[in-house]
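Participant: below are the sequence and a predicted model; questions follow.
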Amino acid sequence: MEARSLNDDSMNESWCQHQLRLRPVLNDVLPRLPSHTFAFIHMLIPHRPYGFHRDGTARIPPSMDDPDGSYYLDNVYAADAIIGDIVRILKEKGTYDSSLIVLTSDHGVRPEDAALWERLDAETYIPERHVPLIVKYPGQRHRADVRASLTTAQLHPLFSDFLNEPERVFQWRARQDAGNDEAVPYGRE
């Protein structure tokens with residue numbers, strides 16, 4: 001039991017350090033990346049340990065309990081600030097309009113944070129598996145909600161085309177913006 005506690009403490013400290021370092025590193029590195037760069041940013045916010053107050057200042061020591069859910073919400077604000085940093089930096093560089101931005105998660109808000117993964121993974125379409133997914137396409141002019149079921153693996157053609165044949169993605173997006181059709185996820189036509 002003691003060994004598990006030490007491993008948990010070590011993992012929690014690692015997650016805490018990741019949370020606290022992400023924003024400063026992002027603000028230092030992202031502006032210096034050359035255009036046409038693929039950047040993958042993995043953040044553990046909002047996630048235990050809850051390392052931030054609502055105003056974005058570090059909560060030292062961070063907390064692993066969240067009796068009323070307020071620490072989680074504080075950390076949603078912290079995650080939103082990081083996304084705001086990314087958008088601001090891309091706009092300052094003049095690359096926001098031509099950028100593909102994908103925000104996803106490994107899970108949405110769960111009613112029981114302590115639920116066992118075996119139970120959560122029992123079915124593919126249980127509510128806990130409906131994860132946030134936001135895509136800002138390059139050249140996108142209008143917002144649209146897609147209500148169709150989608151797996152993250154269905155994003156692979158989008159990534160491949162954006163990296164190898166970006167004009168195909170721009171043309172598809174222009175057709176989507178021009179039409180009054182129901183919004184659909186990217187697909188090769």
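Facilitator: Great, that's in hand. Fair warning: this is a prediction, and the values are worked out from it, not measured in the lab.

Participant: ignoring the adjacent residues along the chain, who's closest to residue 144?
Facilitator: Excluding its sequence neighbours, the residue lying closest to residue 144 (C-beta to C-beta, 6 or more residues apart in numbering) is residue 183, at 3.4 Å. Bear in mind the C-beta positions are built from the backbone N, C-alpha and C, glycine included.

Participant: residue 183: how many residues sit nearby?
Facilitator: Neighbour count of residue 183, defined by other C-beta atoms under 10 Å: 13.

Participant: next one: residue 159
Facilitator: Applying other C-beta under 10 Å, I find that residue 159 has 14 neighbouring residues.

Participant: make sure it is indeed in a helix.
Facilitator: Yes - judged by DSSP: H, G, I helix; E, B strand; the rest coil, residue 159 forms part of a helix.

Participant: before we move on, back to that, who are the neighbours in contact with the residue nearest to residue 144?
Facilitator: Neighbour list for residue 183: 144-146, 176 [criterion: C-beta atoms under 8 Å, 6 or more residues apart in numbering].

Participant: which one (most neighbours) among the residues you listed?
Facilitator: Of all the contacts of residue 183, the most densely surrounded is residue 176 (18 neighbours; neighbours counted as other C-beta under 10 Å).

Participant: in this structure, where is pLDDT below threshold?
Facilitator: Residues of the chain meeting the criterion pLDDT under 70: 1-8, 107-131, 180-182, 188-189.

Participant: mind redoing it with 80?
Facilitator: Applying pLDDT under 80 to the chain picks out residues 1-9, 11-12, 16, 105-132, 142, 146-152, 178-184, 187-189.

Participant: quick one: the helices in it?
Facilitator: For the chain, the helices identified by DSSP state H occupy 2-29, 70-93, 117-120, 156-164, 166-178, in order along the chain.

Participant: which one of those lies closest to residue 100?
Facilitator: Checking these against residue 100 by C-beta to C-beta gives helix 156-164 as the closest, at 4.9 Å.

Participant: max-length strand in this protein?
Facilitator: For the chain, the longest strand by residue count, based on DSSP state E, is strand 58-63.

Participant: just want the angle from that strand to helix 70-93.
Facilitator: Here strand 58-63 runs at an angle of 140 degrees relative to helix 70-93 (axes from the mean of the first three to the mean of the last three C-alpha atoms, to 10 degrees).
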